[in-house]
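Asks: test case, fold it:
(chains A and B)
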Amino acid sequence: GENVEQHPSTLSVQEGDSAVIKCTYSDSASNYFPWYKQELGKGPQLIIDIRSNVGEKKDQRIAVTLNKTAKHFSLHITETQPEDSAVYFCAARLNFGNEKLTFGTGTRLTIIP
Amino acid sequence: EPEVTQTPSHQVTQMGQEVILRCVPISNHLYFYWYRQILGQKVEFLVSFYNNEISEKSEIFDDQFSVERPDGSNFTLKIRSTKLEDSAMYFCASSGQVLSYGYTFGSGTRLTVV
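Replies: Take a look at the predicted model:
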């Protein structure tokens, strides 16, 4: 089955700087890669996703890049703000029907004011 | 924005007792899921449900677990005889037929087995 690795496990960034979180996946059949933000005591919230027919996707300060050949994808947050502090999870799945999500182990991002 | 609603937010139960965790998925979604997250660990898949039957289940989802969609709106997870290691956050999620939005997760039920 699919295995998703995520690095780093913790990341501290000065406010205003950029943060990058990286994930690798094992199943070349996976073709949908969402990123979730989880704040304390809350459920994962989708912040951006990418499909395998696209190499990059951007939404304001957040971008995701995908390298299908190398089977890795990354989350980039620019101009970080204190409210970006949270745990971020990457995930992978087959993009049809009811295929399950396989999550990475999470990255605790702390923005230092 | 549509939400997935989970109740209760926190449940404490004695080992060996049955618990039912409740979820109201987004109304026009077709696929329903339960995931769990042990404290400090990653989110793990338990079960997916479509067209009134289980589509897939993980090895965690043993005979002690069951799911049901008893009416048109609720989706429940039952644990028949809870164990200490069942203590975790349980997340319900739903998705539509065309996966352009990703899953929508509920805010979770924290289950504590004592």
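Asks: any low-confidence regions in chain A?
Replies: Low-confidence segments of chain A, defined by pLDDT under 70: A:95-98.
Asks: what about the strands in it?
Replies: In chain order, chain A shows strands spanning A:4-7, A:10-14, A:19-25, A:32-38, A:45-51, A:56-59, A:62-67, A:72-77, A:86-92, A:102-103, A:107-112, with DSSP state E as the criterion.
Asks: I'd like those strands laid out as JSON lines, including mean neighbour count and distance to B:Val114.
Replies: Using the backbone N, CA and C atoms, a C-beta is placed for each residue, glycine as well. Below are those laid out as JSON lines (neighbours: other CB atoms under 10 Å in any protein chain shown; distance: least, CB to CB, whole Å):
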{"stretch": "strand A:4-7", "mean neighbour count": "18", "distance to B:Val114": "32"}
{"stretch": "strand A:10-14", "mean neighbour count": "13", "distance to B:Val114": "31"}
{"stretch": "strand A:19-25", "mean neighbour count": "20", "distance to B:Val114": "36"}
{"stretch": "strand A:32-38", "mean neighbour count": "23", "distance to B:Val114": "25"}
{"stretch": "strand A:45-51", "mean neighbour count": "18", "distance to B:Val114": "30"}
{"stretch": "strand A:56-59", "mean neighbour count": "12", "distance to B:Val114": "43"}
{"stretch": "strand A:62-67", "mean neighbour count": "18", "distance to B:Val114": "40"}
{"stretch": "strand A:72-77", "mean neighbour count": "21", "distance to B:Val114": "38"}
{"stretch": "strand A:86-92", "mean neighbour count": "24", "distance to B:Val114": "26"}
{"stretch": "strand A:102-103", "mean neighbour count": "23", "distance to B:Val114": "27"}
{"stretch": "strand A:107-112", "mean neighbour count": "17", "distance to B:Val114": "28"}
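Asks: turn those strands into TSV, columns for distance to chain B.
Replies: What follows is the strands of chain A, written out as TSV (distance: least, CB to the nearest CB, whole Å):
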stretch	distance to chain B
strand A:4-7	8
strand A:10-14	12
strand A:19-25	12
strand A:32-38	5
strand A:45-51	4
strand A:56-59	13
strand A:62-67	12
strand A:72-77	14
strand A:86-92	6
strand A:102-103	5
strand A:107-112	10
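Asks: near chain A at all, stretch B:17-28?
Replies: No: among the residues of stretch B:17-28, none lie within reach of chain A under CB under 8 Å from any CB of the partner chain; the closest is 10.9 Å away.
Asks: can you mark which positions in that stretch are buried?
Replies: B:Val19, B:Leu21, B:Arg22, B:Cys23, B:Val24, B:Pro25, B:Ile26 (16 or more other CB atoms under 10 Å in any protein chain shown).
Asks: show me the contact partners of it.
Replies: Counting by CB atoms under 8 Å, 6 or more residues apart in numbering or on different chains, the neighbours of stretch B:17-28 from elsewhere in the structure are B:2-8, B:11, B:13, B:32, B:34, B:73-82, B:90, B:92-94, B:96, B:104, B:106, B:109, B:111.
Asks: so which of those reach chain A?
Replies: Checked against chain A using CB under 8 Å from any CB, the contacts of stretch B:17-28 give the following subset in range: B:Val4, B:Gln6, B:Thr104, B:Gly106.
Asks: what's the closest of these to chain A?
Replies: Minimum separation from chain A among these (CB to the nearest CB) is found for B:Gly106, which lies at 5.4 Å.
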